[in-house]
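Student: have a look at this prediction, sequence included:
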Amino acid sequence: MSRTDSPAGSLNDEAVLLVGHGSRREASNEQVRSLAADLEGRLGVPVDAGFLELAEPTIPDAIDALAPAVANISVVHLSLFAASHVKNDVPAALQRARSQHPEVEFNNGSHLGVHPAIVDLLDDRAAGVEADLGVDRAADDVAVVLCARGSSDPDANADVHKLARLLYEGRGFSRVDATFIGVTEPTLDETLHDVAKHRPDAVVVVPYMLGDGVLTGRIREGAAEFDADYPYVEAACGDPLGTDSRLLDVLGDRWQEARTGSVEMSCDTCKYKVELDGYEEDVGGAKAMLRALNHQEAHEDRDDVADDPHAHDAPDRHVAVCTNQTCAAEGAPAVLERLRQEGRDADEGSLRVTRTSCLGQCGDGPNVAVYPDGVWYQRVDPDDAGRIVSSHTDRDRIVSDLDSQLL
């Protein structure tokens, strides 16, 4: 969908941008577009789809298409949890959009999160497996394993456990365990073997995924292997959330929150705002933004998608140069070009130099950030580019007279 064909001179009061992750599997991208169309019918306002990566249109392209025809854009996230994409990538894209489209008001919503409609949907997915297995939770000992993707964000992982508990409360299951297919623990295999020790009559595995992609396939395989290994337990895997209409209830609520300025995020347990044991280095918006930028640039097209659905090929260091309006006026484009020239002599794959939108340090530019070190250089001129590469990226020595923390 696109709003570029709006009649000349006419503006919609508002529109919605539904942001999905994006996939190399076009069927998954079509699910996002289908939900966008259904949400438009539900809300009665224009709804377009945009993607974080791996699919078109990108968020900037989707915003550029919407902006000429609307006065207000509310972003609604088709993300299950608030991890780095929700907390870093989309806000960074919106910061760019606000500078490029000052005439448009942008409202940023929250993720799908923990919502009664999602708990009911998960219950239905479990009931479908029970019917296939011929078991009844009212008469049989039925255990549920809720399997999510897994994240490096502890707040996101905690929400999986909260959903598992809500699914357990009052619904007749003997137990509901949260588990993950990757990134963190407990893993699906570990959880299934642990549940088997309690000898339930049946184990229902519910994938907490939106689409039926590679990771969902791995969950199905894990459930099938478990069923074969434990003949005294009936086990099977259910379907992902898909495009069930109950998701529209959640997305509608998130839209209302965004447009009325009532978005709530769990800042008390956000690793970017408070020091959590084991995640101390993530505290601070600057470091978070650098990680987000590196993540966006590190995706590479690969042929072995079935084996690695989320492959990355990150450089040893990523140098990001702010080229937003203020820094550009101070000479940032020339700094960017010199850094790229100097970086060409670095070992192949060890250094990536990219431009970025505002880094939030206006007035002290040009600003240059080096990831993963979390070092910010300010008031950089083209002649400093050689020192940043030769000293910092080549020899791991900070250029102290440019370091923002020492100025």
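Tutor: Sure, I can see it.
Student: which residue ranges of the stretch 301-407 of the chain form helices?
Tutor: Secondary structure of the stretch 301-407 of the chain (DSSP state H, counting those that start in this stretch): helices at 325-329, 332-343, 385-387, 394-395.
Student: let me know which of those is tucked in deepest.
Tutor: Between the helices of the stretch 301-407 of the chain, helix 332-343 has the highest mean count of neighbours, a mean of 20, where neighbours are mean count of other CB atoms under 10 Å. Every residue, glycine included, has its C-beta placed from N, CA and C.
Student: show me what that helix is packed up against.
Tutor: strand 317-322, strand 351-356, helix 385-387 (3 or more CB pairs under 8 Å, 6 or more residues apart in numbering; DSSP states H and E).
Student: would JSON lines of the helices of the stretch 301-407 of the chain with distance to residue 41 and mean pLDDT be doable?
Tutor: Output for those, formatted as JSON lines (distance: least, CB to CB, whole Å; pLDDT from 0 to 100):
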{"stretch": "helix 325-329", "distance to residue 41": "39", "mean pLDDT": "83"}
{"stretch": "helix 332-343", "distance to residue 41": "44", "mean pLDDT": "88"}
{"stretch": "helix 385-387", "distance to residue 41": "52", "mean pLDDT": "90"}
{"stretch": "helix 394-395", "distance to residue 41": "56", "mean pLDDT": "84"}
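Student: closest one to residue 188 among the ones you listed?
Tutor: Shortest separation from residue 188 across these is recorded for helix 332-343, at 41.5 Å, computed as CB to CB.
Student: angle of the closest one against strand 317-322?
Tutor: Following axes from the mean of the first three to the mean of the last three CA atoms, to 10 degrees, one obtains 160 degrees for the angle between helix 332-343 and strand 317-322.
Student: CA atoms of helix 332-343 as PDB?
Tutor: This file holds the C-alpha atoms of helix 332-343, laid out as PDB (Å, rounded to 0.1, in the frame of the first residue of the first chain):
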ATOM      1  CA  ALA A 332      30.800  16.000   8.500                       C
ATOM      2  CA  PRO A 333      30.600  14.900   4.800                       C
ATOM      3  CA  ALA A 334      34.300  15.600   4.400                       C
ATOM      4  CA  VAL A 335      35.100  13.800   7.600                       C
ATOM      5  CA  LEU A 336      33.100  10.800   6.400                       C
ATOM      6  CA  GLU A 337      34.900  10.700   3.100                       C
ATOM      7  CA  ARG A 338      38.300  10.900   4.700                       C
ATOM      8  CA  LEU A 339      37.500   8.200   7.200                       C
ATOM      9  CA  ARG A 340      36.400   5.900   4.300                       C
ATOM     10  CA  GLN A 341      39.700   6.700   2.400                       C
ATOM     11  CA  GLU A 342      41.700   5.900   5.500                       C
ATOM     12  CA  GLY A 343      39.700   2.800   6.200                       C
END
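Student: run the chain-centre distance for that helix.
Tutor: Relative to the mean C-alpha coordinate of its chain, helix 332-343 is positioned 30 Å out (CA atoms, centre = their mean, to the nearest Å).
Student: kindly report the same for stretch 159-179.
Tutor: Centroid separation for stretch 159-179 versus its chain: 24 Å, with CA atoms, centre = their mean.
Student: which one of the helices of the stretch 301-407 of the chain lies closest to residue 220?
Tutor: With CB to CB as the measure, helix 332-343 is the member of these nearest residue 220 (44.1 Å).
Student: next, the angle from that closest one to strand 351-356.
Tutor: If you take the same axes, to 10 degrees, helix 332-343 sits at 170 degrees to strand 351-356.
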